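Participant: Generate a structure from the sequence data that follows.
(chains A and B)
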Amino acid sequence: VRRREAAALAAEVAVAPDDAAAQGADFAFFATLIAASGNLVLLLVANSIRDLYFARLADFRALVRDRAELGPAYAAAAAAVAAGDAEGAALAVRELAAAQEAAWLEGLA
Amino acid sequence: MRVRDWRAHGGLDVLVHALGGGDDLDREVLRSVMESRRLLLTESARLAAARRDESQAELLVRLAAELAAAADDATAQGIDFAFFATLIQASQNLVLLLIANSIRDLYFARLAAFRAIVRDRAELSEHYESAAAAIDARDPDTAARAVAEIARAQETAMLEGLA
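Facilitator: Now for the predicted structure:
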């Protein structure tokens, strides 16, 4: 179920009509990924970061700034997770998170 | 009063309770702790290689040598902890540092239960030395690989200890 959820959410991010909807889909995508990891510590860390994130949602808008270009990376990550391809999934998510990090830091500059 | 699911709402502070009391560790929670430790230390090593200062690089080289010569398990655990605490500090990532603080509390509350972490230190000493040398040389990939080797072996030793 989670694998299908990740694929559906990946598609939602790419076609989200506005930043707020994209942020919701992006958050749900990564929450689903972390839940699927089955690692309790990562889940607890994500809980803590979630509180910070939702308290300052507007400050994190830049995370979804490049969602049109990043659509394939979300889809690739979801497909790799569905295929049980650990390296492919890690590579796609690394690319995604690095792009989001760069966008967010540019927003601060 | 509303009761909330700690898995959905808890922070790292709940780990101390989830792991279980005394030396009787919960296997599933321990698996998560050791697995996430490996992931976090591996990325910390990568960052540390890029961001360490001279004193941190020197300290890591010294601690790696001391670990190989540790007289007993308790001494080795102290050195192992200092090695990874230095590595995380050198990563200069605040979130990794805060996560490490939480795991440190859990670790020191059950030090004897984590003895297996240093069980294979004789075989692992070359990886500590390799990690320290790679951080000194600002080589992120080699540092990450060496730390992943150490952390994976420690994870295996801990889980075998519970079997």
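Participant: give the contact list for A:Leu42.
Facilitator: For A:Leu42, the contact set (C-beta atoms under 8 Å, 6 or more residues apart in numbering or on different chains) comprises A:34, B:32, B:36, B:39. Any C-beta I mention is one placed from the backbone N, CA and C, and that applies to glycine too.
Participant: again with B:Ala148
Facilitator: If a contact means C-beta under 8 Å, 6+ apart, then B:Ala148 has B:38, B:41-42, B:45 as its contacts.
Participant: same question, B:Val33
Facilitator: Contacts were defined as C-beta under 8 Å, 6+ apart; by that measure B:Val33 touches A:40-41, B:15, B:19, B:103, B:106.
Participant: Pick the one among those residues closest to A:Leu70.
Facilitator: Using C-beta to C-beta, the shortest approach to A:Leu70 within the contacts of B:Val33 belongs to A:Val41, at 26.9 Å.
Participant: Would you mind extracting the C-alpha trace of the helix or strand hosting that closest one into CSV?
Facilitator: Using DSSP states H and E, the secondary-structure element containing A:Val41 is helix A:40-55. The C-alpha trace of helix A:40-55 is given here as CSV (Å, rounded to 0.1, in the frame of the first residue of the first chain):
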residue,chain,number,x,y,z
LEU,A,40,11.7,3.8,14.6
VAL,A,41,14.5,6.3,15.2
LEU,A,42,14.1,7.9,11.8
LEU,A,43,10.4,8.1,12.4
LEU,A,44,10.9,9.9,15.7
VAL,A,45,13.4,12.3,14.2
ALA,A,46,10.9,13.0,11.4
ASN,A,47,8.2,13.7,14.1
SER,A,48,10.4,16.4,15.6
ILE,A,49,11.2,18.0,12.2
ARG,A,50,7.6,17.9,11.3
ASP,A,51,6.6,20.1,14.2
LEU,A,52,9.3,22.6,13.2
TYR,A,53,8.2,22.4,9.6
PHE,A,54,4.5,23.0,10.1
ALA,A,55,5.2,25.8,12.5
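Participant: Buried residues of the helix or strand following that helix, list them for me.
Facilitator: Toward the C-terminus, helix A:40-55 is succeeded by helix A:67-82 as the next helix or strand (DSSP H and E). Buried positions in helix A:67-82, judged by neighbour count with 16 or more other C-beta atoms under 10 Å in any protein chain shown: A:67, A:70, A:73-81.
Participant: Could you do stretch A:91-100 as well?
Facilitator: For stretch A:91-100, the buried set under the neighbour-count rule, 16+ other C-beta under 10 Å, comprises A:92-93, A:96, A:99-100.
Participant: Give the burial count for the closest residue to B:Ala57 other than its chain neighbours, as a bare number.
Facilitator: Residue nearest to B:Ala57 in three dimensions, not counting chain neighbours: B:Asp136, with 4.3 Å by C-beta to C-beta, 6 or more residues apart in numbering or on different chains. The local packing of B:Asp136 (other C-beta atoms under 10 Å in any protein chain shown) involves 17 other residues.
Participant: Hmm, B:Asp136 is touching B:Leu60, no?
Facilitator: Yes: if you go by C-beta atoms under 8 Å, B:Asp136 and B:Leu60 touch, sitting 7.2 Å apart.
Participant: tell me, what's touching the two both at once?
Facilitator: Common contacts of B:Asp136 and B:Leu60 (C-beta under 8 Å, 6+ apart): B:Arg52.
Participant: related to what we said a few turns ago, nearest to A:Ala25 among the contacts of A:Leu42?
Facilitator: Taking C-beta to C-beta as the measure, A:Ala25 sits nearest to A:Ile34 out of the contacts of A:Leu42, at 15.1 Å.
Participant: pLDDT at that closest one, what is it?
Facilitator: Predicted confidence (pLDDT) for A:Ile34: 94.
Participant: ditto for the one 5 residues further on
Facilitator: Confidence per residue is given as pLDDT, and for A:Asn39 that number is 95.
Participant: Look up how far B:Ser55 lies from the nearest residue in space to it that is not next to it in sequence.
Facilitator: Nearest residue to A:Asn39, sequence neighbours excluded (C-beta to C-beta, 6+ apart): B:Ser32, at 4.8 Å. Going from B:Ser32 to B:Ser55 by C-beta to C-beta, to the nearest Å gives 33 Å.
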